[in-house]
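A.B. asks: take this sequence and fold it.
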Amino acid sequence: MDLAFRALIDPGDQVIYHEPCYVSYSPGIALAHGVPVAVPCQEQDGFSVTAEAIERAVTPKSKVLVLNFPPILPGAR
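C.D. replies: All right, here's what the predicted structure looks like:
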């Protein structure tokens, strides 16, 4: 993720990501001189990010959308 952030982000670009998430997303974005924009995932949505939440976070400065979820294995919950 660090290399992707450094390759894609210009100073001031906003990067939208979901929370909860891996703890290094926000610092990694900031270290690449981007602006982290967290989209909270709610319990009532099964902690899934929704299109509506992403739409609310998008601005003209948005450049990257991080959607990095682990696969759900059969029988796991």
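A.B. asks: only C-alpha atoms from now on, for both contacts and neighbour counts.
C.D. replies: OK.
A.B. asks: which helices and strands sit right next to the helix or strand where residue 55 lies?
C.D. replies: Element membership for residue 55 (DSSP states H and E) is helix 51-57. Applying 3 or more Cα pairs under 8 Å, 6 or more residues apart in numbering; DSSP states H and E, we find helix 51-57 packed against strand 35-40.
A.B. asks: who does the strand it packs on pair up with?
C.D. replies: In its sheet, strand 35-40 lies beside strand 14-19 (parallel), with partners assigned from DSSP bridges.
A.B. asks: contact partners of the strand it pairs with?
C.D. replies: 25, 29, 34-41, 49, 54, 57-58, 61-67 (Cα atoms under 8 Å, 6 or more residues apart in numbering).
A.B. asks: I'd like the next helix or strand past it.
C.D. replies: helix 25-31.
A.B. asks: return the distance of that following helix from the chain's centre.
C.D. replies: Averaging C-alpha positions (Cα atoms, centre = their mean, to the nearest Å) puts helix 25-31 10 Å from its chain's average.
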